[in-house]
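Q: Sharing a model that was predicted from the sequence below.
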Amino acid sequence: MTQDEPAESFGSEIFDDVPMAVLVTFGPGHRIAYANASHRRLLGAYPVGTPARAAFP
């Protein structure tokens with residue numbers, strides 16, 4: 001994975017069931033690459049590519 005593009009598979013299955021919110025971002029704009037179920041329940045679901053600042057108003 002480079003700094004400017006999301007990973008197709010970075011081991012997200014590891015984070016899917018952990019009981020804490022996990023958000024992975026990419027690039028200088030900190031765009032969302034992955035959010036696990038805990039994060040989506042806590043802050044809602046945001047599409048891949050959305051700037052992370054949208055998830056933290």
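A: Good, I have the coordinates. Numbers count the residues shown, from 1 in each chain.
Q: which other residues reach stretch 45-57?
A: When contacts are defined by C-beta atoms under 8 Å, 6 or more residues apart in numbering, stretch 45-57 is touched by residues 6, 23, 25, 29-35, 39, 43-44. (C-beta placed from N, C-alpha, C; glycine too.)
Q: Can you tell me which of these has the most neighbours?
A: Using other C-beta atoms under 10 Å as the neighbour definition, those reach their maximum at residue 35, which records 26 neighbours.
Q: Let me see the backbone angles for residue 44.
A: phi 90, psi 170 (degrees, to the nearest 10).
Q: For it, which non-adjacent residue is closest in space?
A: Across the structure, with C-beta to C-beta, 6 or more residues apart in numbering as the measure, the residue nearest residue 44 apart from its sequence neighbours is residue 55 (7.4 Å).
Q: And the one you found, what's its pLDDT?
A: Note on residue 55: pLDDT of 76.
Q: got the buried residues for the longest helix seen in the chain?
A: In the chain, ranked by residue count with DSSP state H as the criterion, the top helix is helix 37-43. Of the residues in helix 37-43, 38-39 count as buried by neighbour count, 16 or more other C-beta atoms under 10 Å.
Q: do stretch 12-30 as well
A: Taking 16+ other C-beta under 10 Å as the basis for neighbour counts, the residues of stretch 12-30 that come out buried are 15, 21, 23-26.
Q: Can you tell me which of these end up in strands?
A: Here DSSP state E is the test, and those give 23-26 as lying in strands.
Q: Centre-most residue in this structure?
A: For the chain, the residue whose C-alpha lies nearest the mean C-alpha position (C-alpha atoms, centre = their mean) is residue 34; its distance is 2.8 Å.
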